[in-house]
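A.B. asks: Fold the following for me, if possible:
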Amino acid sequence: IFDHDTKKKNLLKLLKVIYLKVKACKLYNEGNPVCLADISESDFIIQKFDQEIRKSLGDARFAAQAKEIKRFCQYFPFVLTLHTRLNHFKMMKSSNSRGDKFRGASSRYQYMLMHLMGGSESAESRGKRIKVKINRNQIIESGMACMEQYAATKSILEFDFEEEIGSGLGPTLEFFSLSGTSLQAVKNIWRKSTDYLFPAPIDFNSSESVNNFAETRNIFRYIGWLVARAMADERLLDLPLSEPFWDLVFGKKLGLKDIQRFDKEIGKFLIEMELVIQQEKSERASASATPLQNENDKASALPVLKEDRISRFGLSFVLPGFEKIELLPGGTDILVNAENGEEYLALCAKKMLHDTISLQIEAFCDGYKQVMDIKLLKCMKPRELEDIICGEKGKPWDIASLSESIVPSQGYDKLSPPYQNSLTYMSKLDKNMQKLFLQYVTGSSRLPYGGFSKLSPLLHIAKRITPEGDIADSYLPSVMTCQNYLKVPEYSSYKILEERFNYALKEGQNSFTLSQAQLQ
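C.D. replies: As a prediction, this is how the structure comes out:
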């Protein structure tokens, strides 16, 4: 795979052209949908190459082949499975972000192989750790101050909340989870038209916006740093950045059709407008080319020649949805018509996809690069990054799969009623309650990519010992988030268990003070 076979390289390049064409047709709903329906991305995976890369990752010669593997994964990721690309990413980022702890290719290889093959090894077992105190009520400001101090540190950061009990992995995971939620809620930096995040435009020609430039740059630099830090330390960050955002980070040039990917309503309108403009031009060209034999023919052609459907939209040269941002100097007073419609669309695309968001994209990249090489992300597809960074999306939990990944412990076994009732309770949770459960038990509102089986350590359900003479039904479940340890009292019925869990999940968020709680 790493030889200099020109024929093989040319075939891979041709396959990439076909892959990108199929992807574009599906993305923009072009081409023949019947023909494309039977083509999936898995059809492009070449098992022989995937196995060879996977074998190379576990080979003692990996250090010598690392550059070739990295180049192959970045240029031809579509021929490899996500599992293989993830393993490659983990090995490369471990070397990249912790590089100063290695001395020589051999020790680097031994470390990365242990990290890849060990499975249960977590970020906590690697390298020096730095403890950082965070103000829960000012989580973004505290996080940005941390970035300024520890931006490029190779150590693992561990976060504790001021004036709260609890330390270690649990509060650290909660810091990342709450930081993502808080950043999503920051006013005026995101578009509001989608569940996925894309930067709101900035008017660089407005004196009112000048004061916001530095603030916006700093917060996007912080977002880049936080995303990279989460990936380096293997944390989950609840910040679902959109696919077009990642395309721009990777340097891809986007066009008018991409606007609907982050603003469906405006994007669809602009595409429809483009079609009307093309039809208008075609009709006018056809009318002008048709010989007019008499005055009656000329009269019947006049409505076609004079009709301007574009002007009916009542648009002016301002950015759709952001009327204060002019596409041209004095654009508020320039009406859009059939003659200047194409210019209007070109300026919309340029403003939305470059001019008004370039500062945010550049700042994000600057922050990310302080932690690790951003090129390593190119082995991933933009839509895969959400699951990798944010964690797995909410899926129904069934008792059978839960029992395979959740371990009964310390007083309970697979047949214990509290263990079985706990799984039954979990299987009935809707998506919102799943998030609350995960936040309460693990410190993060999502599972890692791969689900419960990828938690490290695995989730354990143990018996909570209550003081002698006390009734177990009066106690709440308690957790050790740093160990994914859920301690459940031996409740007398499923109904009591459900009530106590519901209370704990709703009242036990955003603090580490409910661990020893007893209902009065």
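A.B. asks: ok, how many other residues are close to the residue lying closest to residue 178 once chain neighbours are set aside?
C.D. replies: Closest residue in space to residue 178, ignoring its immediate chain neighbours: residue 139 at 5.5 Å, by C-beta to C-beta, 6 or more residues apart in numbering. Backbone N, C-alpha and C define where each C-beta goes, glycine included. Residues lying near residue 139 (other C-beta atoms under 10 Å) number 19.
A.B. asks: For the host helix or strand of residue 139, name the packing helices and strands.
C.D. replies: Following DSSP states H and E, one finds residue 139 within helix 139-150. Counting contacts by 3 or more C-beta pairs under 8 Å, 6 or more residues apart in numbering; DSSP states H and E, helix 139-150 packs against strand 129-134, strand 156-161, helix 169-184, helix 210-232.
A.B. asks: and those as a markdown table, adding distance to residue 258?
C.D. replies: Formatted as a markdown table, these follow (distance: least, C-beta to C-beta, whole Å):
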| stretch | distance to residue 258 |
| --- | --- |
| strand 129-134 | 37 |
| strand 156-161 | 35 |
| helix 169-184 | 22 |
| helix 210-232 | 20 |
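A.B. asks: quick one: which of those is nearest residue 194?
C.D. replies: helix 169-184 (11.7 Å; C-beta to C-beta).
A.B. asks: Show me which residues of that closest one are buried.
C.D. replies: Residues 169-180, 183 are the ones in helix 169-184 that count as buried (16 or more other C-beta atoms under 10 Å).
A.B. asks: what's the answer for stretch 466-482, then?
C.D. replies: 472-473, 475-482.
A.B. asks: hey, where'd the strands end up in the stretch 351-500 of the chain?
C.D. replies: With strands called from DSSP state E, counting those that start in this stretch, the stretch 351-500 of the chain shows them at 407-409, 460-463, 478-480, 485-488.
A.B. asks: any idea which of the ones you listed scores lowest on pLDDT?
C.D. replies: Lowest mean pLDDT within the strands of the stretch 351-500 of the chain: strand 478-480, a mean of 90.
A.B. asks: Relative to the whole chain's centre, how far out is it?
C.D. replies: Computed by C-alpha atoms, centre = their mean, to the nearest Å, the separation of strand 478-480 from the middle of its chain amounts to 28 Å.
A.B. asks: what packs against it?
C.D. replies: strand 485-488.
A.B. asks: Give me the contact list for the strand it packs on.
C.D. replies: Around strand 485-488, the neighbours that count as contacts under C-beta atoms under 8 Å, 6 or more residues apart in numbering are 409-410, 412, 418-419, 422, 441, 459-464, 477-480, 497.
A.B. asks: Distance of the residue lying closest to residue 452 once chain neighbours are set aside relative to residue 458?
C.D. replies: For residue 452, ignoring the flanking residues on the chain, the nearest one in space by C-beta to C-beta, 6+ apart is residue 405 at 3.7 Å. Counting by C-beta to C-beta, to the nearest Å, the gap from residue 405 to residue 458 is 6 Å.
A.B. asks: For stretch 334-351, buried residues please.
C.D. replies: In terms of neighbour count (16+ other C-beta under 10 Å), stretch 334-351 has its buried residues at 334, 336-338, 340-341, 344-345, 347-349, 351.
A.B. asks: and if you look at stretch 12-31?
C.D. replies: Residues of stretch 12-31 classed as buried: 12, 16, 19, 22-23, 25-26 (neighbour count, 16+ other C-beta under 10 Å).
A.B. asks: Over to stretch 155-173?
C.D. replies: When burial is assessed from 16+ other C-beta under 10 Å, stretch 155-173 yields the following buried residues: 156-161, 166, 168-173.
A.B. asks: Lowest-confidence entry in those?
C.D. replies: Note: of those, the lowest pLDDT belongs to residue 166, at 76.
A.B. asks: Doesn't it lie inside a strand?
C.D. replies: No - Residue 166 sits outside any strand when classified using DSSP: H, G, I helix; E, B strand; the rest coil, being coil.
A.B. asks: Look up how far residue 409 lies from it.
C.D. replies: As judged by C-beta to C-beta, residue 166 and residue 409 stand 21 Å apart.
A.B. asks: I figured residue 143 was touching residue 230, is that so?
C.D. replies: No - Residue 143 is beyond contact range of residue 230, at 11.4 Å (criterion: C-beta atoms under 8 Å).
A.B. asks: circling back: can you give me the neighbour number for the residue nearest to residue 452?
C.D. replies: 15.
A.B. asks: can you redo the buried residues of stretch 155-173 as TSV with distance to residue 57?
C.D. replies: Below are those laid out as TSV (distance: C-beta to C-beta, whole Å):
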residue	distance to residue 57
156	23
157	27
158	29
159	31
160	36
161	38
166	37
168	31
169	27
170	32
171	33
172	28
173	27
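A.B. asks: now, which of those sits nearest residue 275?
C.D. replies: residue 173 (48.4 Å).
A.B. asks: where does the residue nearest to that closest one when sequence neighbours are not counted land on pLDDT?
C.D. replies: Once flanking residues are discounted, residue 173 sits nearest to residue 443: 3.3 Å by C-beta to C-beta, 6+ apart. The model reports residue 443 with a pLDDT of 84.
A.B. asks: can you tell me which residues contact residue 443?
C.D. replies: Neighbour list for residue 443: 169-174, 177, 481 [criterion: C-beta under 8 Å, 6+ apart].
A.B. asks: now do 6 Å
C.D. replies: 170, 173-174, 481 (C-beta atoms under 6 Å, 6 or more residues apart in numbering).
A.B. asks: Please apply the same query to residue 245.
C.D. replies: By C-beta under 6 Å, 6+ apart, the neighbours of residue 245 are residue 198.
A.B. asks: can I assume it sits in a helix?
C.D. replies: Yes - when three-state DSSP is applied, residue 245 is found to be in a helix.
A.B. asks: any idea how far it is from residue 282?
C.D. replies: Between residue 245 and residue 282 the computed distance is 36 Å (C-beta to C-beta).
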